[in-house]
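Trainee: Pasting the sequence and the predicted coordinates here, then a few questions.
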Amino acid sequence: MVLHPKWFDTLTFRKLDPPHLVRFGDDSTAEATRVGDVWISSKIGNKQYRVCLKGTLLVPTFRISLISVSKLGRAGYISAFDGSTGYVSRGRTKVMKAHKRKGLYHLQVQPLGTLAGALLSMDVNVLHRRLGHVGIHQLR
């Protein structure tokens, strides 16, 4: 769950109606108002990785972002923690790294924001000139 709407892929971002109530370990609750995919980027050594967190909840009143280890497991990732370091792997490849601070593991990742946003900034006149009069034969 995250608190920033700009982190979501606009193609998957949708309103939850009614909002979903999220319950925490201390029995407190918060409302998730939207759901969608969030892309994050991580770097391990000199390799860059992109990971899609599908079905991420937007909880605007919560002040930190949390990633569910069990949800990562259902998506095929393996999480391992050893003392002050943790890793998330896909097969044998480590794709995310975490450091322990104040009892929590903090992933070393950056949100990529809206991947589809690049398409939205293109001039519609340019798109029309390129695609507006394409023949039916060329579309197949």
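Mentor: Sure thing, it's come through.
Trainee: Name the SS class of the spatially most central residue of the chain, please.
Mentor: Using CA atoms, centre = their mean, the residue of the chain that lies closest to the mean C-alpha position is residue 38, 1.9 Å off. Put simply, residue 38 is strand when judged by DSSP: H, G, I helix; E, B strand; the rest coil.
Trainee: helix or strand for residue 73, which one?
Mentor: Using DSSP states H and E, residue 73 sits in helix 69-74.
Trainee: now that helix: mean pLDDT?
Mentor: Confidence for helix 69-74, expressed as mean pLDDT, is 93.
Trainee: buried set for whichever helix or strand comes after that helix?
Mentor: Going down the chain from helix 69-74, the next helix or strand is strand 77-82, by DSSP H and E. Neighbour-count burial for strand 77-82, counted by 16 or more other CB atoms under 10 Å, picks out 77, 79. Glycine gets a C-beta too; all of them are placed from N, C-alpha and C.
Trainee: still on that earlier bit, for the residue nearest to the centre of the chain, list the residues it contacts.
Mentor: Listed by CB atoms under 8 Å, 6 or more residues apart in numbering, the contact partners of residue 38 are 2, 7, 8, 9, 52, 53, 56, 111.
Trainee: what residues are up against the last one?
Mentor: By CB under 8 Å, 6+ apart, the contact set of residue 111 is 2, 4, 7, 38, 39, 40, 41.
Trainee: With adjacent residues omitted, what lies nearest to the fifth one?
Mentor: It refers to residue 39. residue 112 (4.1 Å; CB to CB, 6 or more residues apart in numbering).
Trainee: So what's the residue count around the one you found?
Mentor: Using other CB atoms under 10 Å, the number of residues around residue 112 comes to 16.
Trainee: isn't it right next to residue 50, touching?
Mentor: Yes: at 6.8 Å, residue 112 and residue 50 qualify as touching, with contact defined as CB atoms under 8 Å.
Trainee: Nice, that's everything, thank you.
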